[in-house]
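Trainee: Below are the sequence and a predicted model for it; my questions follow.
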Amino acid sequence: MVRDADKGSVIDVEVWRLPVTEYGSFVAGIPSPLGIGQVELDDGEWVQGFLCESWAVNGAEEISHLGGWRAYLASKAVR
């Protein structure tokens with residue numbers, strides 16, 4: 001996800017719990033251009049989640065209108 005304050009979209013996300021003792025090794029294994037940042041949930045709560053560096057979306061397909069990653073994958077399977 002790349003935050004866009006002007007054209008933000010509501011998308012489905014999964015919220016997971018991770019033990020604090022495992023957080024460092026988990027984050028260390030996240031490959032670029034992904035990273036961890038703050039994501040606002042529909043209820044206004046902010047949680048940490050995956051973000052993408054903005055340079056990596058140049059030329060990428062915009063899928064926000066589908067409502068999330070799983071819906072995007074399902075749309076590809078139908079074809």
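Mentor: Ah, there it is. In this text, all values refer to a predicted model and were calculated from it rather than measured experimentally.
Trainee: Tell me who's in contact with I63.
Mentor: Each residue near I63 by C-beta atoms under 8 Å, 6 or more residues apart in numbering is listed here: 69, 71-72. Any C-beta I mention is one placed from the backbone N, CA and C, and that applies to glycine too.
Trainee: Off-centre distance for the lowest-mean-pLDDT helix or strand in the chain?
Mentor: Ranking every helix and strand in the chain by mean pLDDT, DSSP states H and E puts helix 69-78 at the bottom, with a mean of 87. Mean-position distance between helix 69-78 and its chain equals 16 Å (C-alpha atoms, centre = their mean, to the nearest Å).
Trainee: Residue ranges in the chain under the pLDDT threshold?
Mentor: Counting by pLDDT under 70, the chain shows low-confidence ranges at 78-79.
Trainee: What about G67, how many residues nearby?
Mentor: 13 (other C-beta atoms under 10 Å).
Trainee: From what I see, it and A74 are in contact.
Mentor: No: between G67 and A74 there is no contact under C-beta atoms under 8 Å: 10.2 Å.
Trainee: Please, where are all the strands along this protein?
Mentor: Counting by DSSP state E, the chain has strands at residues 34-40, 46-52.
Trainee: Specify the beta-bridge partners of L51.
Mentor: Counting by DSSP bridges, L51 is bridged to G35.
Trainee: list the contacts for it?
Mentor: 1-3, 34-37, 39.
Trainee: ok, it to D6 distance?
Mentor: Distance, L51 to D6, by C-beta to C-beta, to the nearest Å: 17 Å.
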